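Engineer: build the 3D model from these lines:
(2 chains)
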Amino acid sequence: MLHATELLGAEVRDAQGNFVGRVRELFIVPADHPGRVSRILLARGRYQPLVARYDQVASAEPGKIGLTVGEQALESFQANEAWLAVGKDLLDQQIIDVNGRKVVRVNDVNFDDRRTNGNVELRVFQVDAGFRGAARRLLQGILSPAAVRKLQQRLPATLLPWEYVNLIESDPMRRVKLRIGSDKLAQIHPAELADIVEELTPGERQSIIESLDKETAAETLAELDDRLQPEVVETLGTEKAGDILEEMDPDEAADLLAELPPETSQQLLEELPRDDAQEVKRLLQYDERSAGGMMTTEFVLVGEDAERDEVVGWIRGLDLNAEQLDTILLINKQAVLAGTVAVGRLLTATSGTQLASLRSDPVVFVAPNEKDKEVFELFDKYNLRTLAVVDANQRPLGVITVDDVIKHLRENG
Amino acid sequence: MSETPDMPDLSGWATRLAGWRSQRRHLWRRFALFLAVVGPGVITSNVDNDAGGISTYSVAGAQYGYALLWSLIPMTILLFVSEEMCARMGVVTGKGLSDLIREEFGFRTTFFLMVIGFLVDLGNVAAEFAGVAASMQIFGVNKYIAVPIAALAVWILVQRGTYRQVEGVFLVACTLYLSYVFSAVLAHPNWTEAVKATLVPHISFETEYLLMLTALVGTTIAPWQFFYLQAGFVEKKVRRKQYAQARLDVLIGSVSCMAIVFFIIVCCGATLYVSGHRNIADAAEAAQALRPLAGEWARKLFAFGLLNASLFAASILPLSTAHVVCEGLGFEAGLDQKFREAPVFYWLYTALIVIGGAIILIPGAPLLKILILSQVANGVWLPIVLIFMILLSNRADLMGDKANGPLFNAIAWVSSAIMIALTLILLYQAIVNPSSIGF
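Structural biologist: Just a heads-up that it's a prediction; the model follows:
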């Protein structure tokens, strides 16, 4: 194993053992290989810097690199945005630790040196974010490499495998060139991903959210700090923001739009499909601290005469977030709220049971203009998970779920 | 079965209502915009008037009356220019000062800067607790009781509170500086003369006078405040669009800080200088001397101001330092984190308070010397920090179109050169003739 600190500044000698220059930078070319050091930049004082290719490296050890060729075989250096510079882009910079779900700062980079047909390939396999790397950075060049190695080994290690490292790059073009994917980020829970991007700078935040798929972007955006949402949405541009907004639940979309300046929010509403836009607009009319402001308009509604199997089969065919489904609303022939059924009751009921007989007692509901305090009290009193919101004719408008209640309690309580 | 109930078509009036509601919210938000951003600038500048600062201002007023008041206006400009750089860097890059130093200058440079910064700040924390001890003595409380209680209170405040709560407490502390305004009023100064002395420069080349001037600048512009200020704006997530509000916050901070300095100098000038009590050593002595001249209330208010300032700085300094060091060296930091998530941060924070307080409790500890030494250390540290700040805020790749312009750069370099020259004078004096600064 070799460390970036041991290689940067190392002496480079050609096949005849003549001094060529010192290592200024190590480049990974993600388009060729995700972790291999493909190019080594050699500084030669006042002469033109040269570049050694990975297959021109004969040996690598702390402070010393040997080449398989002579100096004249090396290319001259031309800066390339698609090359990832270990010294400039990695050391001292922040990266996302996908496994640990946090942002860390790189102290050093560890390479695996593998011998393949006559030359040595260096491959990044770990990023050091702990005391060991720090000690090496501090002592390199002051003590001999062997002494540094011995000293740092006594320190606790904080090492991240390279495959769990996600680079932070604020330039979207360069992100593409460096092949920084977002599939690893998409595996992180949106709430955790939101925490991560909150820590980053505005530019980095923007470029990460833009790189996510619409669905993940929508979920992450909904979890983001209220103070940051408007900025992100405004920078995204109407079209892209509209696409992401479309993926959000109507109540979340309404919450987000309420944070934006009226012109922007109007423009975004126009980007949404008609039905979605109407739903969001309807939600926007309610005060934030009322039942209407807390509710979502996505809920499952069935007639009270329906039978158990019929309902289960129908729900199976719906495009809904099954994880969030815990209550079903019942209506009678006049479309008036007739009660609610807990999914647990539905699950345990026999096949022919009518839904009306599974109804929770009593039937609890609120008007949309009811104060949030009233809503909290109802949830507490009846141990609710979902509360129906109805209009003046007792027809269902939406539901408040327990997660909305907790969110509001934390924010306003 | 999936029948939807007939819903009245609400869309027409709903849009109208939504429009009206967001309009109202928008107006309210305009008003709230500034409030959301206010904090870091006002807090930082006020906390500048810490124990060391108040002592220096008292001595300046007692020794020279109103003769140094003119320096407050150029000092306000210096303070604003340097703080504005940090505010701008924080808002534009979204990164703290030590983050930026780390990313642009590497690990080794950062490590040494952090070590020096930590030691200098430790001296400052000790000085703040010396201020607590001195002011509580005026209220008849022994330092062996006052300092541990103060240290514990400060420690708990930050451990228990969220950033917003803590900031709220800090903002209230800022208003308590008004006690100096009342002290000054009770001292019945000649206001016309004071205002005239502020507007018309009084230049003298006496060594003592220059030294006093240097001390004034040195204590007013402390290096750690830049780190705190920038981190404050980053932690508040102030947006680029809100930069104008952030700058206003810094401006209000700089001006209000200097207004308090004005009242302290006027208070001491109107009483101690006029009556001939011109050789006082520190703020506590100034408070004692105030009693026969301006009454018991003036004395109490003055001592209360010192206590507030010391406590205030004692809670911010360890916090800021722990933040800066962790940021630079890559440890988790911030009040929004729990102890488990950011152990190094909380340990550093605790160590600063415990060690800083313990130094003051050593029997026979020379409180005044600790105060002066910490200010000399600040003076040496300041130019280094300033140079890093100017270099960073000039970088177009970091700052984009918000990098320093030529005019701003000229002001920044000249201001820094003045500050560096003044602090070097102070340092030279401290080495060549320690007795001139109280040793």
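Engineer: low-confidence ranges in the stretch 251-400 of chain A?
Structural biologist: Along the stretch 251-400 of chain A, no part satisfies pLDDT under 70.
Engineer: and for residue B:39, the neighbour number?
Structural biologist: Residue B:39 has 24 neighbours, counted by other CB atoms under 10 Å in any protein chain shown. (C-beta placed from N, C-alpha, C; glycine too.)
Engineer: please read the previous query as pertaining to residue A:33.
Structural biologist: 13.
Engineer: quick one: it and residue A:85, what's the gap?
Structural biologist: Counting by CB to CB, to the nearest Å, the gap from residue A:33 to residue A:85 is 16 Å.
Engineer: does chain B sit close to stretch A:399-413?
Structural biologist: No. Judged by CB under 8 Å from any CB of the partner chain, stretch A:399-413 makes no contact with chain B; its nearest approach is 11.5 Å.
Engineer: host element of the residue of the stretch 301-413 of chain A found nearest chain B?
Structural biologist: Among the residues of the stretch 301-413 of chain A, residue A:335 lies closest to chain B, at 3.0 Å counting by CB to the nearest CB. Assessed by DSSP states H and E, residue A:335 sits outside every helix and strand.
Engineer: got it, and the one 10 residues further on?
Structural biologist: Residue A:345 is located in helix A:343-348, with elements delineated by DSSP H and E.
Engineer: report whether that helix contacts chain B.
Structural biologist: No. Residues of helix A:343-348 contacting chain B under CB under 8 Å from any CB: none, with a closest distance of 14.3 Å.
Engineer: next one: stretch A:363-377
Structural biologist: No. Contact of stretch A:363-377 with chain B (CB under 8 Å from any CB) is absent, the minimum separation being 10.7 Å.
Engineer: next, the distance between the ends of that stretch.
Structural biologist: End-to-end span of stretch A:363-377 (CA to CA, to the nearest Å): 15 Å.
Engineer: now swap in stretch A:329-341 and tell me
Structural biologist: 6 Å.
Engineer: one more: stretch A:162-171?
Structural biologist: Here the two ends of stretch A:162-171 are set 21 Å apart, with distance taken as CA to CA.
Engineer: give me the neighbour count for residue 54.
Structural biologist: Since no chain was named, I'll use chain A. Neighbours of residue A:54 using other CB under 10 Å come to 21.
Engineer: not quite, I wanted chain B
Structural biologist: Neighbours of residue B:54 (other CB under 10 Å): 29.
Engineer: next one: residue A:408
Structural biologist: Residue A:408: 19 neighbours (other CB under 10 Å).
Engineer: do residue A:85 as well
Structural biologist: 17.
Engineer: wait, doesn't residue B:404 sit right on residue B:412?
Structural biologist: Yes. At 6.4 Å, residue B:404 counts as touching residue B:412 under the criterion of CB atoms under 8 Å.
Engineer: now do the shared contacts for these two.
Structural biologist: B:85, B:390, B:393 (CB atoms under 8 Å, 6 or more residues apart in numbering or on different chains).
Engineer: between those, which has the most around it?
Structural biologist: residue B:85 (26 neighbours).
Engineer: so who does residue 324 touch?
Structural biologist: Went with chain A since none was named. Contact analysis of residue A:324 by CB under 8 Å, 6+ apart lists residue A:401.
Engineer: sorry, I should have been clearer: chain B.
Structural biologist: With CB under 8 Å, 6+ apart, residue B:324 has these contacts: B:96-98, B:114, B:117, B:224, B:227-228, B:231.
Engineer: quick check, central residue of chain A?
Structural biologist: Nearest residue to the geometric centre of chain A (CA atoms, centre = their mean): residue A:193, 3.7 Å.
Engineer: helix/strand/coil for that residue?
Structural biologist: For residue A:193, the assignment made with DSSP: H, G, I helix; E, B strand; the rest coil gives helix.
Engineer: before we move on, what's the pLDDT of it?
Structural biologist: Predicted confidence (pLDDT) for residue A:193: 90.
Engineer: wasn't residue A:27 part of a helix?
Structural biologist: No. Under the criterion used here (three-state DSSP), residue A:27 is strand, not part of a helix.
Engineer: excluding chain neighbours, what is closest to the residue in the stretch 51-200 of chain B that chain A sits nearest to?
Structural biologist: Nearest residue of the stretch 51-200 of chain B to chain A, counting by CB to the nearest CB: residue B:94, 3.1 Å away. What sits nearest to residue B:94 in space, not counting adjacent residues and going by CB to CB, 6 or more residues apart in numbering or on different chains, is residue A:201, at 3.1 Å.
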